[in-house]
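Trainee: below are the sequence and a predicted model; questions follow.
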Amino acid sequence: MSLFRRYPALRPADTVVAITGGARGIGLATARAFSRVGAKVAIGDLDGPAGIAALTELGRSARAFAVDVASRQSFADFLNQVSNELGPVDVLVNNAGIMPSGAFLAEVEAITRAQVRVNLLGPIHGMQLAVPGMVARGRGHVVNIASMAGKLPIPGLAVYCGTKFGVVGLSAAVRAELAGSGVSVSAVLPSAVRTELASGFDLGAGMPTVDPEDVAAAVVRTLRTRAAEVSVPGWVRPVGPLAALTPEPVLRLAHRLLNSGRALTPDTAARAAYVQRITEQAADR
């Protein structure tokens, strides 16, 4: 059976694309990429004004809405607004995420809960709300933005890693459940991305680093390939399986050589604005 008999073709120019966390970083780059190929784009973001400001970079068919992906009701309202203004959602990009850093034992409960609710529960809400309509129409696509941190443990990002490991497994399991429905699920796993999320981190030697536009291009390509899992850059894909087979003493040496504990000691001044914003948002949740 051919790929497109399993997954009906989705031409970007004929699709409605909803993107969470769309006001900044990977989300905004993805919105730009879809707009350039003619899709109708809806960006959702907890920061409603930032989402509206982002519309100046997008086409006239783009829309922006406030959404808290941690709230099922808020996510449902977002998808309903998109459907009412642009049409049924053909492509859902679950991109919203937060990445606090620091020692696991020092992390406060509000920050831990926020990561689980945004990074993992957000994609769960999105798929449970959007996919039934896709299945009913016999076509649709979901892209969950995970991370290489969903394959490799990183000191200083323990809970973040846990949520992204969860997104990788969630994506694979839901994809298997949807086999034959015409609806596909892809997980996109970027390495370190040059966005506010990584502000204050040393992205130098030993750290494969990409731009948000690289991730956005990979997301758009999944409409054609419907790949189950995509790493960005592509050459890092074997790293996760190899790490799982590597003896722990060797891994510890690699961690030391690559300074993988850099997330424990970021530049706090460079990271201050991001930390303040996500801390305030966590308190509101």
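Mentor: Yep, that arrived. Bear in mind the structure is a predicted one, so any value in this text is a computation, not a measurement.
Trainee: name the residues that touch stretch 115-134?
Mentor: 18, 20, 69-72, 75-76, 79, 88-90, 92, 94, 96-100, 140-142, 144, 159-160, 162-164, 166-167, 170-171, 174, 178, 181-183, 185, 285 (C-beta atoms under 8 Å, 6 or more residues apart in numbering). In this view, the C-beta of every residue, glycine as well, is placed from N, C-alpha and C.
Trainee: the longest helix along the chain packs against which elements?
Mentor: Determined from DSSP state H, the single longest helix within the chain is helix 158-177. Secondary-structure packing of helix 158-177 (3 or more C-beta pairs under 8 Å, 6 or more residues apart in numbering; DSSP states H and E): helix 109-115, helix 122-137, strand 140-145, strand 183-190, strand 229-232.
Trainee: quick one: which of the ones you listed is nearest Val275?
Mentor: Among these, helix 109-115 comes nearest to Val275, with 9.5 Å by C-beta to C-beta.
Trainee: just the CA trace of the helix or strand harbouring Gln276, in CSV.
Mentor: Here Gln276, judged by DSSP states H and E, is contained in helix 268-284. The C-alpha trace of helix 268-284 is given here as CSV (Å, rounded to 0.1, in the frame of the first residue of the first chain):
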residue,chain,number,x,y,z
THR,A,268,21.6,33.7,34.8
ALA,A,269,21.6,37.3,33.6
ALA,A,270,21.1,36.3,30.0
ARG,A,271,18.4,33.9,31.1
ALA,A,272,16.6,36.2,33.6
ALA,A,273,13.8,37.6,31.3
TYR,A,274,12.8,34.1,30.2
VAL,A,275,12.9,32.7,33.7
GLN,A,276,10.8,35.5,35.0
ARG,A,277,8.2,35.1,32.4
ILE,A,278,7.7,31.4,32.8
THR,A,279,7.8,31.7,36.6
GLU,A,280,5.0,34.2,36.5
GLN,A,281,3.0,32.1,34.1
ALA,A,282,3.6,29.0,36.3
ALA,A,283,2.2,30.9,39.3
ASP,A,284,-0.9,31.9,37.4
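Trainee: which parts of that helix are buried?
Mentor: Arg271, Tyr274, Val275, Ile278, Thr279, Gln281, Ala282 (16 or more other C-beta atoms under 10 Å).
Trainee: which one of these sits closest to Ala42?
Mentor: Taking these together and measuring to Ala42 by C-beta to C-beta, the closest member is Gln281, at 21.0 Å.
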